[in-house]
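S.K.: this is the structure alone, sequence omitted:
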């Protein structure tokens, strides 16, 4: 992705350091966090300096490489123990992110086959980069496919942040939008602010601003208004999990926007790699919905007039909140699922 | 309404003072603003110490009474000029609020018939109170009617603040909820936070907390989630304007929630007095929608850990917002309109 006209990834490795775009500070400050070892990288995952399943996965993979490179013992068995310990530390940061376990095991299993640890050290960097490259390429391909659905002069609405910041590069829902823009299509993006965590207003708007893609932030309440006025031509969102019948679990509010899209005859697309399909979920009803802390709704972060980041309470002291983090959208509201190898028409489900 | 176990109105008059619940400070501080003359009252309307059309109307009526009482000339013609001037000042505060003009003219026309200004002074207080009492009683009756629709153990969802704070007392959408609670019905209220101005999270939640009515604030994005889970039994909202075909203009997001209610077979009621019907609007398409400042979306108010009220920016510097303040909900999504003399089934339209 382009930031200040320079090409960046969300996370990368150079020498023994892992570099991460510090997402704790966005959209108010753009800073690269430099992690000096795997403990530091584990902390970056834990404290959400990096977030988004594929981005966390890549950070975990690079963390394994950092641990491998730091090994200064003298036999392969000690090396293996050292890496195994590092893997456990890195995995314990975000216990539910599947990509994290997958990426860490991918690098670990590749290097454990080596007979000497010097080769294993080199391989750790090679395979961590392979994971990151593979993820970036996968997202780019989603973008190439999705771009075919976007016509010139169209207005696209998106919800939450399924952008490059959540992946290694390109994003899922934002990838078709990016590729359309690179292909000089004239597009405009309606960005749902996406309460309660505001990933739309903070991360998606920031990514679009950096690439000079025309956009406006809207209240989640206004999405229906613009759909009814026929100012939205299509909707693209990401997915957290897709059931085998095509039901999609995604950020809270996705279901609302999908119902409104159907009511107004606007195509509603989900952009997600095949790995988002969960063979253990037959329908959306099998997907558990996480209830998160009420504080996400009752407090909010921003910067004051002196550019100081502050956290303020926006509700009465006596009131509580209910905060389901995701919802499930039935396949019947979804026009299609954009992925890297095909376009799935949800009528097949 | 009960606040700290004491009965209050949003605005009232005592001796020469107008007292207003200072809504600029809610929900963080409860303070009564004491206005010493009609200029002061005009400023209170302008700076939104008082907001909500009926509450503004009552403040305007009391402002006329303040002006009349302050007159210290010696003939009725000078008195009339003095009151006329005060009326113009009070009317110029919020140029689009119909209730304001109506209430001011109501008091003014009543007192201008007097042959001496001492009688006129007394009448000004009498008729300003009459306006306020009439409005409170009208809302109470909406509550009595609406209460008949609420069963014991029901969960009710509401959007924005159509509460006592927007009226003189009771509210419109919140009045049936209040009366049901006074009648010892066990109810639970889902409060849409109502971005961008958060009237739900700040004012509605505060009113409910004060009366100890069980409630939870939810993200506007989560309303559909709770409807789909059948955790919402009915929805009651207020209205800014109702067209002659039953289409309802109300706070942005109302349309979204009404479509979702229809999709999930949940009754959707609008509580509003007959004065909200606009004979000049044949359908919802005749109702102009105000586009308000983007800052309402890009900035937010709250209190920090030291209880200091702060305004912070929650979006990237480079991004803009679109901020339609209201939307129009077609009559076909509305189950009925609750008003003071009848219950209007929208099938008649």
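M.R.: Received it, and whenever you're ready, just let me know what you need. All of these numbers come straight from a predicted model, not from anything done at the bench. Numbering: from 1, shown residues only, chains lettered A, B, ... in the order given.

S.K.: going forward, measure contacts and count neighbours with C-alpha atoms only.
M.R.: Noted.

S.K.: give me the below-cutoff pLDDT ranges for the stretch 1-150 of chain A.
M.R.: A:95-97 (pLDDT under 70).

S.K.: need the three-state assignment for the residue of it found nearest chain B.
M.R.: When Cα to the nearest Cα is the measure, the stretch 1-150 of chain A has its nearest residue to chain B at residue A:27, with 5.1 Å between them. In the three-state summary, residue A:27 is assigned as coil, counting by DSSP: H, G, I helix; E, B strand; the rest coil.

S.K.: ok, residue A:216 next?
M.R.: Assigned by three-state DSSP, the conformation of residue A:216 is strand.

S.K.: contacting residues for it?
M.R.: When contacts are counted by Cα atoms under 8 Å, 6 or more residues apart in numbering or on different chains, residue A:216 touches A:189, A:190, A:191, A:205, B:319, B:320, B:321, B:322.

S.K.: what helix or strand is residue A:86 located in?
M.R.: When secondary structure is defined by DSSP states H and E, residue A:86 falls within helix A:76-91.

S.K.: and the two most separated of the contacts of residue A:216?
M.R.: Largest separation among these by Cα to Cα: A:205 and B:322, giving 12.8 Å.

S.K.: more neighbours: which of these two?
M.R.: Summary of the neighbour comparison: residue A:205 and residue B:322, criterion other Cα atoms under 10 Å in any protein chain shown, with residue A:205 having more neighbours (31 against 21).

S.K.: doesn't residue B:321 make contact with that one?
M.R.: No. With the criterion set as Cα atoms under 8 Å, residue A:205 and residue B:321 do not qualify as a contacting pair; they are 9.9 Å apart.

S.K.: okay, and the common contacts of those two?
M.R.: Contact with both residue A:205 and residue B:321 is made by residues A:216, A:217, according to Cα under 8 Å, 6+ apart.

S.K.: domain assignment for chain A?
M.R.: A:2-141, A:145-348 (automatic domain parsing).

S.K.: which one of the ones you listed lies closest to residue B:154?
M.R.: Nearest to residue B:154, of all those, is domain A:145-348, at 17.2 Å by Cα to Cα.

S.K.: can you list contacts of stretch A:64-74?
M.R.: A:16-18, A:37-38, A:79, A:82-83, A:86-87, A:104, A:107-108, A:120-122, A:124-125, A:128.

S.K.: chain center to stretch A:41-58, what's the gap?
M.R.: Taking the mean C-alpha point of stretch A:41-58 and that of its whole chain, the gap between them comes to 10 Å (Cα atoms, centre = their mean, to the nearest Å).

S.K.: now stretch A:108-124
M.R.: Relative to its chain's centre, stretch A:108-124 lies at 29 Å (Cα atoms, centre = their mean).

S.K.: so residue A:269 sits in a strand?
M.R.: Yes. Read with three-state DSSP, residue A:269 is one of the residues of a strand.

S.K.: tell me the pLDDT at it?
M.R.: We have a pLDDT of 97 for residue A:269.

S.K.: on that earlier part again, and the contacts of stretch A:64-74, which of them are in helices?
M.R.: The helices, defined by DSSP state H, take in A:38, A:79, A:82-83, A:86-87, A:104, A:107-108, A:120-122, A:124-125, A:128 from those.

S.K.: go ahead and confirm residue A:256 touches residue B:260.
M.R.: Yes. If you go by Cα under 8 Å, residue A:256 and residue B:260 touch, sitting 7.0 Å apart.

S.K.: shared neighbours of the two, anything?
M.R.: Residues touching both residue A:256 and residue B:260 by Cα under 8 Å, 6+ apart: residue B:224.

S.K.: buried subset of the ones in helices among the contacts of stretch A:64-74?
M.R.: Buried residues within these, counting neighbours by 16 or more other Cα atoms under 10 Å in any protein chain shown: A:38, A:79, A:82-83, A:86-87, A:104, A:107-108, A:120-121, A:124-125, A:128.

S.K.: nearest to residue B:304, out of those residues: which one, please.
M.R.: When these are compared for distance to residue B:304, the smallest value, 35.1 Å, is given by residue A:38; criterion: Cα to Cα.

S.K.: where does pLDDT dip in the stretch 201-349 of chain A?
M.R.: Low-confidence regions of the stretch 201-349 of chain A, defined here as pLDDT under 70, cover residues A:340-349.

S.K.: just the helices from it, written as ranges.
M.R.: Ranges of helices in the stretch 201-349 of chain A, per DSSP state H, counting those that start in this stretch, are A:205-210, A:223-228, A:254-263, A:295-298.

S.K.: okay, these in JSON lines with distance to chain B next?
M.R.: Below are the helices of the stretch 201-349 of chain A laid out as JSON lines (distance: least, Cα to the nearest Cα, whole Å):
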{"stretch": "helix A:205-210", "distance to chain B": "6"}
{"stretch": "helix A:223-228", "distance to chain B": "6"}
{"stretch": "helix A:254-263", "distance to chain B": "5"}
{"stretch": "helix A:295-298", "distance to chain B": "7"}
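
S.K.: let's have the ones you listed in a markdown table, adding distance to residue A:74.
M.R.: As requested, the helices of the stretch 201-349 of chain A are arranged in a markdown table below (distance: least, Cα to Cα, whole Å):
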| stretch | distance to residue A:74 |
| --- | --- |
| helix A:205-210 | 46 |
| helix A:223-228 | 61 |
| helix A:254-263 | 53 |
| helix A:295-298 | 48 |
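
S.K.: count the neighbours of the closest residue to residue A:246 other than its chain neighbours for me.
M.R.: Distance criterion Cα to Cα, 6 or more residues apart in numbering or on different chains; nearest residue to residue A:246, sequence neighbours excluded, is residue A:331 at 4.9 Å. Residue A:331 is surrounded by 24 other residues when neighbours are defined as other Cα under 10 Å.

S.K.: hang on, residue A:331 packs against residue A:244?
M.R.: No. Counting by Cα under 8 Å, residue A:331 stays clear of residue A:244, with 10.0 Å between them.

S.K.: check for me that residue A:190 belongs to a helix.
M.R.: No. The assignment for residue A:190 is strand, going by three-state DSSP, so no helix is present there.

S.K.: contact partners for it?
M.R.: With contact taken as Cα under 8 Å, 6+ apart, residue A:190 is in contact with A:155, A:156, A:157, A:158, A:215, A:216, A:217, A:218, A:232.

S.K.: so the closest residue to it other than its chain neighbours, which of the three states?
M.R.: By the measure of Cα to Cα, 6+ apart, the closest residue to residue A:190 outside its immediate chain neighbours is residue A:157, 4.5 Å from it. Taken by three-state DSSP, the conformation at residue A:157 corresponds to strand.

S.K.: neighbours of residue A:157, how many?
M.R.: Neighbour number of residue A:157 under other Cα under 10 Å is 25.

S.K.: can you check the one 5 residues further on too?
M.R.: Here the neighbour count serves as a burial measure; for residue A:162 (other Cα under 10 Å) it reads 28.

S.K.: what's the answer for the one 3 residues further on, then?
M.R.: Using other Cα under 10 Å, the number of residues around residue A:165 comes to 27.

S.K.: quick one: contacts for the residue lying closest to it once chain neighbours are set aside?
M.R.: The spatial neighbour of residue A:165 that comes closest, neighbours along the chain excluded (Cα to Cα, 6+ apart), is residue A:10 at 5.5 Å. Listed by Cα under 8 Å, 6+ apart, the contact set of residue A:10 reads A:20, A:21, A:50, A:55, A:164, A:165, A:166, A:167, A:168, A:169.

S.K.: measure the third one to residue A:209 for me?
M.R.: Looking back up the chat, that one is residue A:50. Applying Cα to Cα, to the nearest Å, the value for residue A:50 to residue A:209 is 20 Å.

S.K.: same deal with the second one?
M.R.: To residue A:209, residue A:21 is 16 Å away according to Cα to Cα.

S.K.: ok, now the last one?
M.R.: The spacing between residue A:169 and residue A:209, counted by Cα to Cα, is 16 Å.

S.K.: comparing the two, which residue is more hemmed in?
M.R.: Taking residue A:169 and residue A:209 together and counting by other Cα under 10 Å, residue A:169 has the greater number of neighbours (27 against 21).
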